[in-house]
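Just the structure for this:
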Amino acid sequence: MTDGDVDMQANSGSLPTSTSDSSTLGLRDDELEPLTQQMQRYSERKDWLRKIKDDTDVSWCELLEIVLLTLTAKLASSTLKSKVIGPLTYQEAEDIVSGFSGEQLNKWKEATRKGVEKDDWTDLINLSTCLSDCPHYSVCVKEM
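Below is the predicted model:
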């Protein structure tokens, strides 16, 4: 898969058919498992499941901001580092999440729930949302 294929896949909103196949994400085989383990540990320590169960606008915004900060920081040290916006500041993450459309917000909620509940973060890696002030960048994977 070429960089262009990864960008097209991310920008189209399509997700890999096998969520355990790191090559569909643009990650090396030895990167997905440690990333998954790190995200799950952080999820457990910070009780992300409680925020999901709270199911309030405030709890979701707080959770999505932290997930965005954590995921982009982890991806910034992976083979996707040239395509990742990050590390983000808390304000940048807050601005991104507050700028989500209803559809984008629902996709991020669904993917975050899948990560927290099923220990599968691949949908979040693939999600791409243009920043409102800069159409050339995406959350997680930026266009090249």
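
I'd like to check what contacts stretch 50-69. Which residues are they?
46, 48, 87-88, 90, 93-94, 96-98, 100, 105, 108-109, 112-113, 115-117, 124, 139 (CB atoms under 8 Å, 6 or more residues apart in numbering). For the C-beta atoms, the positions are set from N, CA and C on the backbone; glycine is no exception.

Now, of those residues, which are buried?
When the contacts of stretch 50-69 are checked for burial by 16 or more other CB atoms under 10 Å, the buried set is 48, 88, 93-94, 96-97, 100, 105, 108-109, 112-113, 115-116, 124, 139.

so what pLDDT did the residue of the chain most remote from its centre get?
Distance from the centre of the chain peaks at Asp54, with 20.8 Å (CA atoms, centre = their mean). Here, the pLDDT recorded for Asp54 equals 94.

Roughly how far does it sit from Glu92?
24 Å (CB to CB, to the nearest Å).

Tell me the secondary structure at the residue nearest the centre of the chain.
With distances taken as CA atoms, centre = their mean, Leu124 lies nearest the centre of the chain, 3.4 Å away. Following DSSP: H, G, I helix; E, B strand; the rest coil, Leu124 is assigned to helix.

Could you measure from the residue farthest from the centre of the chain over to Leu64?
13 Å.

go on, Ser98?
For Ser98 relative to Leu64 (CB to CB), the value is 10 Å.

got any ranges where this structure has weak pLDDT?
1-24, 128-144 (pLDDT under 70).

ok, now with 50
1-20, 129-139, 141-144 (pLDDT under 50).

Secondary structure element holding the residue nearest to the residue nearest to the centre of the chain when sequence neighbours are not counted?
Among residues not flanking Leu124 along the chain, Ala111 sits closest, at 4.5 Å (CB to CB, 6 or more residues apart in numbering). Using DSSP states H and E, Ala111 maps to helix 102-118.

Thank you, goodbye.
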